[in-house]
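Enquirer: just to be clear, the model below is a prediction. Sequence and coordinates:
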Amino acid sequence: MYYEEDFVEEVRQRNDIVDVISSYVNLKRGGSNYMGLCPFHNEKTPSFSVSPGKQMYYCFGCGAGGNVYTFLMEYENLTFVEALERLAERAGMKLPEKNDSAEDRRRRDMRDAILEVNKLAANYYFAKLKSERGQAGYEYLTKRGLTPETIVRFGLGFSDKNSGELYRFVKTKGYSDEILKETGLFTYDERRGVYDKFWNRVMFPILDRNNRVIAFGGRVMGDAKPKYLNSPETMVFDKSRNLYGLNFIHGRQDRGIILCEGYMDVIALHQAGFTNAAASLGTAFTSRHCALLQRYTDLVYLCYDSDAAGVKAAMRAIPMLKEAGLRIRVIDMKPYKDPDEFIKGLSAEEFQKRIDSAKNSFFYEVDILKRDYDMNDPESKTRFMNEVARKCLTFDNEIERNNYMEAFAREYGIRTEDFRKLTAYHSAQMAGIDYERRKQERRQKGTDRVAEDGIARSQGIFLTWLSNDPSLFEKTKDVISAQDFVDEPYRQVAEMMYEQYEAEGRVEPAVIISRFQSKEEQSLVAGLFNREIQALSRDSEQKKAVNEVVRNIKKYSLDYRSRHVTDIAELQGLLEEKKKLQKLQIL
């Protein structure tokens, strides 16, 4: 750990978790907590809870949880120290001297050095584009319709045919090969030596949301393969956490975000005035991209190529975007292949018309599905109708599902009631399959594991109650203590909670979470403080529940100690405690 515990705690206290997370996630007040769509998995209904009282977050959907440090580490892919320093800066706090390890210093210095080299490389490529040797690259960009202003705005550059020039240039700046290997800009070969990864290419710097150069893409001059080459993932570059052009998009985008396939599409759209365009970075679209888009909008326009590969990519992206709760429209590029060609062939005004008339993603999928069926053949047409009926079942909301069924029936000239019956038939079939699957899973589970889960649940429930109602410490202290929580991490959490209560008369979940090192442990502990427990309507019901849970924990503790004790007198004492426990009224 770099910093003293007191400083770590002060930084946490001066960064309200609701303020920090609301800059990443759209939160709405719900009772004593704030709710939003989880940024760590795709969901339509908010299950991500942020507690201002406990200064922690928890997702009831995927189980992600922790305090303000955990969130920043997970969302921004930072180390604990990097998250702490970011939050200290946010709070305007001066950093004290650090007691960091050699490995920690090495990692931080390496990240900084990679960013420095990337910035040097971007400046080098930009200068090369404007030089005589970069003329081929500059002509290529201008022939593609880019203005000098656009070239400057996107920092476009050129890497010439001399494949070792950038390497020699950065070496003169004093950077070691240990650092340069980590940048992804150079290839180290035993026979050929060191050479530039990018050569004879137009260069596209990739910037993060803080406008730092984190990677590059390069388009080859001529017909060599690969046509586009991208930086490998590094300590500062994760393809699934970034979108090209996102650094130009600021704030909530009520008009939506246009999602493209390539660098030139994004640049052409921005130049034409559509500054809400972005693209994935040389990799398949992922659920993490969906989570990233959720921060900016709830409406995505898919503007992929109109060829078979583009259609396939769109069909793959639509379910993920839907799962994330995003509305989707698909822009028709025909007769052109992509937005770059479209704007050159027609105009920005015509492209806006295509945006305005973009097709609902459901009907786009139906149109693509229809291509595989002969609508003049009754059997083929029936199979098509069955496929669409099954697709309607992907809508969880019944009103939304009914609206789509009515619209489809209207479009294809069939009776709505008939199509509803067909959908209901498939719903019943799927329910039967799901029932059999769950029944089989239950058969495969052993009773020992179920019993163990029951004890673990009792320990977790009681810790949740203690965090919500510290008066239970006093009411149950004569029966149960931290030592009675046998399983981990319940034992550790219980010890910290009892220690906190004895010292301060209260429990601070965010402090306890900070004492666990890994994000996995922090999420697990956060789950204990945010466990969903059925509300008890009467005081008598609550007393009964507490009595039962405490007895379960104590009995399990006594059983455990009995199995491990070697002293006869101690064993007899434990057996006596068991007898008394059955008659003991705890509350």
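Expert: That came through fine.
Enquirer: which stretches in the stretch 251-400 of the chain count as helices?
Expert: Here the stretch 251-400 of the chain has its helices, by DSSP state H, counting those that start in this stretch, at 263-271, 287-294, 308-323, 339-345, 348-356, 361-370, 378-392, 398-411.
Enquirer: pretty sure residue 167 sits against residue 192.
Expert: No - Residue 167 lies out of contact with residue 192 (Cβ atoms under 8 Å); the separation is 11.9 Å. For glycine as for every other residue, the C-beta is placed from the backbone atoms N, C-alpha and C.
Enquirer: ok, the spatially closest residue to residue 506 that is not a sequence neighbour to residue 27 distance?
Expert: In space, and not counting its chain neighbours, residue 506 is closest to residue 470: 5.8 Å by Cβ to Cβ, 6 or more residues apart in numbering. Going from residue 470 to residue 27 by Cβ to Cβ, to the nearest Å gives 27 Å.
Enquirer: which one of those two has more residues nearby?
Expert: Neighbour totals were compared for residue 470 and residue 27, and residue 27 leads with 21 against 16 (other Cβ atoms under 10 Å).
Enquirer: in this structure that one contacts residue 19, no?
Expert: No - counting by Cβ under 8 Å, residue 27 stays clear of residue 19, with 9.9 Å between them.
Enquirer: who has more neighbours, residue 167 and residue 192?
Expert: In this view residue 167 and residue 192 are compared by other Cβ under 10 Å, and residue 167 has more residues nearby, 20 against 10.
Enquirer: quick one: average pLDDT of the host helix or strand of residue 459?
Expert: Under DSSP states H and E, the secondary-structure element containing residue 459 is helix 447-468. Mean pLDDT, computed over helix 447-468, is 69.
Enquirer: what's the first helix or strand after it?
Expert: helix 471-476.
Enquirer: if you count neighbours, what's buried in that following helix?
Expert: For helix 471-476, burial by neighbour count (16 or more other Cβ atoms under 10 Å) applies to 472-473, 476.
Enquirer: what is the nearest of the residues you listed to residue 37?
Expert: residue 472 (33.6 Å; Cβ to Cβ).
Enquirer: burial of residue 306, as a residue count?
Expert: 19.
Enquirer: can you check residue 59 too?
Expert: By other Cβ under 10 Å, 23 other residues sit near residue 59.
Enquirer: ditto for residue 320
Expert: Neighbourhood size, residue 320 [other Cβ under 10 Å]: 18.
Enquirer: equivalent analysis for residue 273, please.
Expert: Neighbours around residue 273, by other Cβ under 10 Å: 12.
Enquirer: can you check the one 3 residues further on too?
Expert: For residue 276, the number of neighbouring residues by other Cβ under 10 Å comes to 21.
Enquirer: distance check, the closest residue to residue 359 other than its chain neighbours against residue 60.
Expert: Closest residue to residue 359 apart from its sequence neighbours, by Cβ to Cβ, 6+ apart: residue 330 at 5.0 Å. To residue 60, residue 330 is 32 Å away according to Cβ to Cβ.
Enquirer: neighbour count for the two, which is higher?
Expert: Taking neighbours as other Cβ under 10 Å, residue 330 and residue 60 compare with residue 330 leading, 24 against 18.
Enquirer: just list the residues touching that one, thanks.
Expert: 301-302, 314, 318, 358-361, 364 (Cβ atoms under 8 Å, 6 or more residues apart in numbering).
Enquirer: just the pLDDT for it.
Expert: Confidence score, pLDDT, at residue 330: 93.
Enquirer: before we move on, what about residue 243?
Expert: pLDDT for residue 243: 90.
Enquirer: what of residue 585?
Expert: Looking at residue 585, the pLDDT reads 61.
Enquirer: residue 549 too?
Expert: Residue 549 carries a pLDDT value of 84.
Enquirer: before we move on, which element is it in?
Expert: helix 539-564.
Enquirer: repeat that for residue 158.
Expert: strand 157-159.
Enquirer: now the element after that strand, going C-ward?
Expert: Next element after strand 157-159 (DSSP H and E): helix 165-171.
Enquirer: any idea how far the closest residue to residue 374 other than its chain neighbours lies from residue 408?
Expert: Once flanking residues are discounted, residue 374 sits nearest to residue 380: 4.3 Å by Cβ to Cβ, 6+ apart. In this structure, residue 380 and residue 408 are 17 Å apart, going by Cβ to Cβ.
Enquirer: between these two, which is the more surrounded one?
Expert: For residue 380 versus residue 408, the count of surrounding residues by other Cβ under 10 Å is larger for residue 408: 21 against 13.
Enquirer: OK, contacts around the more buried one?
Expert: 363, 366, 388, 392, 419.
Enquirer: at 7 Å instead, please
Expert: For residue 408, the contacting residues are 366, 388, 419, by Cβ atoms under 7 Å, 6 or more residues apart in numbering.
Enquirer: the first one and residue 388 touch, don't they?
Expert: Yes - under the criterion of Cβ atoms under 7 Å, residue 366 makes contact with residue 388 at 5.9 Å.
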